[in-house]
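# The amino acid sequence is not available; the structure is as follows:
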């Protein structure tokens, strides 16, 4: 059996808790959670052409470091 590597701060127990959360949600709860995320005024979602993604990531990294 191969051992799974988790990102920093994550372990198998945390992954299982997250899976349980999403697998136990009703469709209505999942939709409400998604809609609530789009109501936040501190973040936005937008479409970016795939070829521009590296440049956008670079700009975001510079902004965070600034």
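Arrived safely, thanks for sending. Since the structure is predicted, the reported quantities are computational estimates derived from the model, not experimental observations. Numbers count the residues shown, from 1 in each chain.

# Now the most centrally placed residue in the chain: which helix or strand?
Central residue of the chain (Cα atoms, centre = their mean): residue 37, 10.8 Å from the mean position. Here residue 37, judged by DSSP states H and E, is contained in helix 27-38.

# what is the mean pLDDT for that helix?
Mean per-residue pLDDT for helix 27-38: 91.

# Give me the distance between it and the centre of its chain.
14 Å (Cα atoms, centre = their mean, to the nearest Å).

# measure the residue nearest to the centre of the chain to residue 8 for me?
Residue 37 sits 23 Å away from residue 8, going by Cβ to Cβ, to the nearest Å. Heads up, the C-betas are built off the backbone N, CA and C, glycines and all.

# can you list contacts of the least confident helix or strand in the chain by mean pLDDT?
Least confident helix or strand of the chain, by mean pLDDT, DSSP states H and E, is helix 27-38 with a mean of 91. Helix 27-38 has contacts (Cβ atoms under 8 Å, 6 or more residues apart in numbering) with 22, 25, 45.

# Now do the helices for this protein: every range, in order, please.
12-24, 27-38, 53-65 (DSSP state H).

# would you turn those helices into a markdown table with distance to residue 4?
Listed next are the helices of the chain as a markdown table, based on distance: least, Cβ to Cβ, whole Å:
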| stretch | distance to residue 4 |
| --- | --- |
| helix 12-24 | 7 |
| helix 27-38 | 25 |
| helix 53-65 | 26 |
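
# pLDDT value on residue 42, please?
At residue 42, the pLDDT value in this model is 84.

# Residue 1 now?
Looking at residue 1, the pLDDT reads 60.
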